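Q: Structure for the following, please:
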Amino acid sequence: MAGGLVLTRGLDSCVEVYPAADWTTLVESRLAGLNPLSHETRVLERFYYTGAVEVEPDKQGRVMMPAALIEHAKLGREVVVVGMRGRIEIWDRAAWRAQIKEVMGSAEHVAERLAAQHD
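A: Next up, the predicted model:
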């Protein structure tokens with residue numbers, strides 16, 4: 001967490017957390033191949049960039065979560081912090097349980113569809 005963090009909206013009603021040093025590279029790599037003249041590209045860019053805030057953890061590693069991000073993820077008193085590829089996701093505990101239930105029910109089918117796309 002040295003160098004700070006960037007918090008932003010996640011697509012699945014969570015808060016995504018990136019190392020500040022990696023933020024531009026990670027987001028740019030996601031958005032770089034998209035057509036900047038496309039309305040959908042502009043919507044996605046606004047989604048990520050307007051929700052992003054740089055934060056510096058305190059001595060205990062805590063950060064202040066902006067109200068807009070708490071509202072976006074509908075975070076309650078209990079949250080789940082999940083390590084993902086290159087980022088952390090922060091979920092409301094009830095929302096995370098629903099997400100895991102969905103993942104467990106569909107992961108095999110999703111894997112088969114993705115594998116078929118690459119054949």
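Q: what about this protein, any weak spots by pLDDT?
A: Counting by pLDDT under 70, the chain contains low-confidence ranges at 1-2, 106-107, 110-111, 114, 118-119.
Q: can you pull out the strands in it?
A: Chain-ordered strands for the chain, with DSSP state E as the definition, fall at 5-9, 15-19, 53-55, 79-84, 87-92.
Q: and the gap between the closest residue to Ile70 other than its chain neighbours and Val43?
A: The shortest distance from Ile70 to any residue other than its chain neighbours is 7.9 Å, reached at Val15 (Cβ to Cβ, 6 or more residues apart in numbering). Yep, even glycine has a C-beta here, placed from its N, CA and C like the rest. Distance from Val15 to Val43, counting by Cβ to Cβ, to the nearest Å: 19 Å.
Q: who has more neighbours, the two?
A: When neighbours are counted by other Cβ atoms under 10 Å, Val15 and Val43 differ, and Val15 comes out ahead with 23 against 9.
Q: So that one sits against Arg9, correct?
A: Yes: in this structure Val15 lies within contact range of Arg9 using Cβ atoms under 8 Å: 7.0 Å.
Q: can you list residues touching both of these two?
A: 69, 72-73 (Cβ atoms under 8 Å, 6 or more residues apart in numbering).
Q: will you turn the residues you listed into a markdown table that also has distance to Trp96?
A: Shown next, in a markdown table, are the shared contacts of Val15 and Arg9 (distance: Cβ to Cβ, whole Å):
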| residue | distance to Trp96 |
| --- | --- |
| Leu69 | 16 |
| His72 | 15 |
| Ala73 | 10 |
